[in-house]
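Peer 1: curious how this folds, go ahead:
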Amino acid sequence: MIRIKPDIQYRPSCARCGKTLMPEKVLWQGIHVCAVSTCPICRSEIVSDLKIGHAVFAPCQVDLGSFRLHVDDEYASWFGKPFFDSLVHPMNDVKVKIIVEKFRTFSKVVILNCIDSLYGHSLLKLLNAERHLQPETDIGLVVIVQSFLRWMVPKGVAEIWTVELPLNRARNYYPDLNESINKECGRFDEIYVSRAHAHPKKYDVSKFTGVDRHDFNDRDFRITFVWREDRLWCEYRFFGMLPMKSKWLKGISLFSQNRNVRRLFLALRRAFPQAVFSVAGLGRGTRFPSWIDDRRVDRFSEDGERQTCKIYSESRLVIGVHGSNMLLPTAHGGMAIDLMPLDRWGNFAQDILYPMEDLRLSAYRFRCLPSSIDVKLLAHIAEQQLRYHSYFKRQMTNEIDE
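Peer 2: Numbers count the residues shown, from 1 in each chain. Sure thing, here's the model as predicted:
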């Protein structure tokens, strides 16, 4: 945690002259929580990232005097540049609604900021809540979330501040939101901000969704494909990441994905006739035969998301194309196959929520394969993964006392 009240326990250096800065106030940009300083040497106004979220590894600093951004090169385009642009072009005339829910009263709090422009980033930040919910503590937890994640905030928090800010607008800086959050902060004597690690290690997903992980002791199980319509598993891979402006282009790509899923399920159905074969996720383009349990939705509601997590929990194996759509399936499902597009290998395993268990079991249960893989080969790998799981666990993880 980093303390921001009554004083700001953060001492960045001025990127222009190297002088240690003494922050004067906190600026809530949205995704970024920042310390604002005036350099005593070069007199520039410096906005520095507090080291939370992705800024733990690559804190940004913006010199508002020279309008320069300072950040590691590999984080510049997707993390630093949008931050810089938001400060240079603030949304001064836009009001952002914030709903404050109070459950418990504390004079000292830690604030977990989950605002982000990417769904997966927001969800992963929220999982940090568990580390702050200790039974014996005098520090309450305040969680800042966007509306779509309100349903996942665990019980036991002191307050929830729900910000009505869609993902596609979350990169902007809204002075009105900054003012609202600072106003709420005035109620507390001592405030810390959570590190909000980008991929936390310890969490119990059932505390967030109310749904347990898969039980391998259940005889009945599902095999589920996680459907999405903006990154497709299809032969037309060049089109898979393009905006589907053409109905014909979108239609043929969705049909190709549908056919791949049917071919995969038909092969696995011969090996596991007792399994329930499901498709779950967002978007209802194309249709499936009646023997496939189609649980897709056009739009998620709170109840719909819980029901979908229940489908994942009943699934011995979930399969889907790499992305944030795989976080909740891997958190609840027994095993997973993550289909990796060619341009996503640099984000390997970032969409998998591994359970806290023996590393050998995790290696067996969660696999990343090229999305270009032949459907027959994928079916063979999936069949072997399902068939020999108990054998692998018995052979590899049960230590024998000599």
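
Peer 1: how near is residue 1 to residue 197?
Peer 2: 12 Å (Cβ to Cβ, to the nearest Å). Where you see a C-beta, it was placed from the backbone N, CA and C, and this is true even at glycine.

Peer 1: again with residue 274
Peer 2: Note on residue 274: its distance to residue 197, by Cβ to Cβ, is 40 Å.

Peer 1: contacts only, for the closest residue to residue 117 other than its chain neighbours.
Peer 2: Nearest non-adjacent residue to residue 117, counting by Cβ to Cβ, 6 or more residues apart in numbering: residue 170, 4.1 Å away. Contact partners of residue 170, counting by Cβ atoms under 8 Å, 6 or more residues apart in numbering, are 30, 31, 115, 116, 117, 146.

Peer 1: at 6 Å instead, please
Peer 2: Residues near residue 170 by Cβ atoms under 6 Å, 6 or more residues apart in numbering: 30, 115, 117.

Peer 1: higher neighbour count, residue 274 and residue 197?
Peer 2: Neighbours around residue 274 and residue 197, counted as other Cβ atoms under 10 Å, are more numerous at residue 197. The numbers are 16 against 8.

Peer 1: SS state for that one?
Peer 2: Classification of residue 197 using DSSP: H, G, I helix; E, B strand; the rest coil returns coil.

Peer 1: may I have the lowest-mean-pLDDT helix or strand in the chain as CSV, with CA atoms only?
Peer 2: Scoring the helices and strands of the chain by mean pLDDT, DSSP states H and E places helix 389-397 at the bottom, with a mean of 85. Extracted C-alpha coordinates of helix 389-397, given in CSV (Å, rounded to 0.1, in the frame of the first residue of the first chain):
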residue,chain,number,x,y,z
HIS,A,389,-6.2,-36.2,-15.8
SER,A,390,-6.7,-38.5,-12.8
TYR,A,391,-3.8,-40.7,-13.9
PHE,A,392,-1.5,-37.7,-14.2
LYS,A,393,-2.5,-36.4,-10.8
ARG,A,394,-1.9,-39.8,-9.2
GLN,A,395,1.4,-40.3,-10.8
MET,A,396,2.9,-36.9,-10.6
THR,A,397,1.7,-35.3,-7.4
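
Peer 1: distance between it and the chain's centre?
Peer 2: Centroid displacement of helix 389-397 relative to its chain, using Cα atoms, centre = their mean, to the nearest Å, is 31 Å.

Peer 1: same question for stretch 163-179.
Peer 2: 18 Å.

Peer 1: average pLDDT for that stretch?
Peer 2: The average pLDDT within stretch 163-179 is 96.

Peer 1: could you give me the buried positions within it?
Peer 2: Neighbour counts using 16 or more other Cβ atoms under 10 Å place 163, 165, 170, 171, 172, 173, 174, 175, 176, 177, 178 of stretch 163-179 among the buried residues.

Peer 1: in contact with residue 209, which residues?
Peer 2: The contact partners of residue 209, taken as Cβ under 6 Å, 6+ apart, are residue 309.

Peer 1: give me the pLDDT for it.
Peer 2: The model's pLDDT for residue 209 equals 96.

Peer 1: and it, how far from residue 278?
Peer 2: Distance from residue 209 to residue 278, by Cβ to Cβ: 17 Å.

Peer 1: how about residue 93?
Peer 2: Distance, residue 93 to residue 278, by Cβ to Cβ: 46 Å.

Peer 1: then residue 392?
Peer 2: 24 Å.

Peer 1: the two - which one has more neighbours?
Peer 2: When residue 392 and residue 278 are compared for neighbours, residue 278 comes out ahead with 25 against 17, by other Cβ under 10 Å.

Peer 1: for the more buried one, which three-state class applies?
Peer 2: Classification of residue 278 using three-state DSSP returns strand.

Peer 1: from what I see, it and residue 294 are in contact.
Peer 2: No. Counting by Cβ atoms under 6 Å, residue 278 stays clear of residue 294, with 7.7 Å between them.

Peer 1: can you give me the strands in the stretch 51-200 of the chain?
Peer 2: Under the criterion DSSP state E, counting those that start in this stretch, the stretch 51-200 of the chain carries strands at the ranges 61-63, 68-70, 98-102, 108-113, 139-146, 159-163, 190-193.

Peer 1: let's have those strands in TSV, adding distance to residue 216.
Peer 2: Output for these, formatted as TSV (distance: least, Cβ to Cβ, whole Å):
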stretch	distance to residue 216
strand 61-63	48
strand 68-70	49
strand 98-102	37
strand 108-113	32
strand 139-146	32
strand 159-163	34
strand 190-193	39
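
Peer 1: nearest to residue 201, out of these?
Peer 2: strand 108-113 (15.8 Å; Cβ to Cβ).
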